[in-house]
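> Return a 3D structure for these sequence lines:
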Amino acid sequence: MKPRKPPPEQDDLLRARLIEMIDMRHELVKLAALIDWEVFEREWAGFFPSPVGRPATPTRLVAGLFYLQHAFRLSDEAVVARWSENPYWQHFCGETFFQHRPPIDPSSMTRWRNRIGEEGVEWLLTETIRAGQRAGTVQDNHLKTVTVDTTVMEKNIAHPTDARLYEVARRKLVGLAREAGISLRQNYNRLGPRLSGQVGRCAHARQFKRMRKALRRLKGYTGRVLRDIERQMDTVPEGALRSRLVEMIVLVNRLLAQKPKDRKKLYSLHEPAVDCISKGKAHKRYEFGTKVSVATTTTGGFVVGMRSLPGNPYDGHTLHEALEQVEILTDRRPDMAFVDRGYRGHGVETVKVFISGARRGVTRAIAKLLRRRSAIEPMIGHMKTDGRLTRCPLKGTTGDALFAVLCGCGHNIRMILRHLRVFLRQFIWRIALLRGFTRGAGSPQALQIAT
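So this is what the prediction gives:
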């Protein structure tokens, strides 16, 4: 059933309104007024086609929780818990009176993400761009030039080693066999973990001959358990458990058959779509996750496009999709795009693309913008340190697509809040200057005097 609308505002003599408890000059209060919350109610209505059932959570509450979660780098559980403690967050999400209990269960945010999909979260990013324009954080002429780059969003998996993968595969097979009632001839629960630790110790001591011998034995243990289960698959009835067992058998067969030099290797059993990406970093040679395309304004570094790229494609082949997303989200096609040398051979003709280091046809103004191309790197760094782009906890390629766009929303929200804080500070300082209180204009005393 479609999301319910908040009840009409009514006076409650026993409770004070939130607007009477909070400072209305706070940046979150200003931001709540800049966002058009009716957009989500209108655009997300199509994701709830059924007219029966319990009404869904209000869209403003869910959209506000998504914004706060990625702006302040919180998990689903943490953002719901802090919401019930912070009156500013409750006002931002559309509440009239202070609520003492969590608004929803944290698992509801997972269900909302799965329901609205990538199209729904792109509306969240679109509205941050419009709010940034209303707040003055991004000007209309800033959207004429964009900078595009790619980064790696790592997946929430352990560092993949053959010993760990073999041991995890054996342990998962033994657990599924126990659920299905399959009696194994030997499960190697005692020998497997001991041999897995021995592989790591031999590698650390540079005893590679012993390491390879122990690794072959560990692989043999996993293969024996796998073949024992395959022989008894006829005894497992049809159902969800059999489907899980068949899926695990396929993954373990793929794991045992892969070679060290294979291109499409399996790096995780619970995340089979993880790619191994090398970006040439000295401190981290390989990263395991998915590639993400980031498009920001050349002036200001405001995110106007963000998309995950599964399969580790060549950067030049992704530029057309990135610029197309920018045009959809901003309702205008950028005039110029600045990229690094990894985008050579992009084939884009609708937008003027300038590659770093180019000399032909570059004027003095364009050369200045080309030098600003590297400004996207600290923006990506902020999204990883201040946001949640470092590691994606959502499952599958769909989770990667949703999480990348939401990280872009969080970055824009942080930039708008910072702009509103600076604007308020300058406004207070000017008032204090006019009234003769120039010293300590940013202090609470000057704030009280100026207002």
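> only C-alpha atoms for contact and neighbour calcs from this point on.
Noted.
> and the longest helix for this structure?
Identified as the longest helix of the chain according to DSSP state H is helix 396-434.
> and that helix, which residues are buried?
Neighbour-count burial for helix 396-434, counted by 16 or more other C-alpha atoms under 10 Å, picks out 397, 399-417, 419-421, 424, 428-432.
> again with stretch 232-252
Residues 233, 242, 245, 248-249, 251-252 are the ones in stretch 232-252 that count as buried (16+ other C-alpha under 10 Å).
> Strands along the stretch 201-350 of the chain, start to end?
Per DSSP state E, counting those that start in this stretch, the stretch 201-350 of the chain carries strands over the ranges 275-277, 287-297, 303-309, 336-339.
> mind checking which of those is nearest Gly381?
strand 287-297 (11.8 Å; C-alpha to C-alpha).
> Just checking: what are the partner strands of the closest one?
Strand 287-297 has the following strand partners under DSSP bridges: strand 145-155 (antiparallel), strand 275-277 (antiparallel), strand 303-309 (antiparallel).
> In TSV: those strands, plus mean neighbour count.
TSV is the format used below for those (neighbours: other C-alpha atoms under 10 Å):
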stretch	mean neighbour count
strand 145-155	24
strand 275-277	21
strand 303-309	27
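> Indicate which one of those strands is closest to Lys209.
Closest to Lys209 of these, according to C-alpha to C-alpha: strand 275-277, at 26.3 Å.
> picking that back up, got the strands paired with strand 287-297 as CSV, with distance to Lys368 and mean pLDDT columns?
As requested, the strands paired with strand 287-297 are exported to CSV (distance: least, C-alpha to C-alpha, whole Å; pLDDT from 0 to 100):
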stretch, distance to Lys368, mean pLDDT
strand 145-155, 12, 96
strand 275-277, 31, 94
strand 303-309, 20, 96
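> Can you say which of those is nearest to Pro87?
strand 303-309 (28.3 Å).
> The closest one to helix 396-434, inter-axis angle?
160 degrees (axes from the mean of the first three to the mean of the last three C-alpha atoms, to 10 degrees).
> Convert strand 303-309 to CSV, retaining C-alpha atoms only.
Extracted in CSV, the C-alpha atoms of strand 303-309 (Å, rounded to 0.1, in the frame of the first residue of the first chain):
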residue,chain,number,x,y,z
VAL,A,303,28.5,15.7,-7.0
VAL,A,304,26.2,15.7,-10.1
GLY,A,305,26.5,12.1,-11.1
MET,A,306,27.6,8.8,-9.5
ARG,A,307,27.2,5.3,-10.8
SER,A,308,28.7,1.9,-10.1
LEU,A,309,30.4,0.0,-13.0
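> Do you know the pLDDT at Thr438?
On pLDDT, Thr438 comes in at 50.
> do Leu447 as well
pLDDT, Leu447: 47.
> Nearest spatial neighbour of the most centrally placed residue in the chain, chain-adjacent residues omitted?
Closest residue to the average C-alpha location of the chain: Phe403 at 2.7 Å, with C-alpha atoms, centre = their mean. Closest residue to Phe403 apart from its sequence neighbours, by C-alpha to C-alpha, 6 or more residues apart in numbering: Cys392 at 6.7 Å.
> my read: that neighbour touches Met153, true?
Yes. Taking contacts as C-alpha atoms under 8 Å, Cys392 lies within contact range of Met153: 6.6 Å.
> May I ask which helix or strand of the protein has the lowest mean pLDDT?
Ranking every helix and strand in the chain by mean pLDDT, DSSP states H and E puts helix 444-450 at the bottom, with a mean of 49.
> I'd like the distance between the closest residue to Ile249 other than its chain neighbours and Gly200.
The shortest distance from Ile249 to any non-neighbouring residue, by C-alpha to C-alpha, 6+ apart, is to Leu226 (7.1 Å). The gap separating Leu226 from Gly200 is 24 Å, by C-alpha to C-alpha, to the nearest Å.
> if you count what's nearby, which of the two comes out ahead?
Neighbour count, other C-alpha atoms under 10 Å: between Leu226 and Gly200, Leu226 has more, with 21 against 17.
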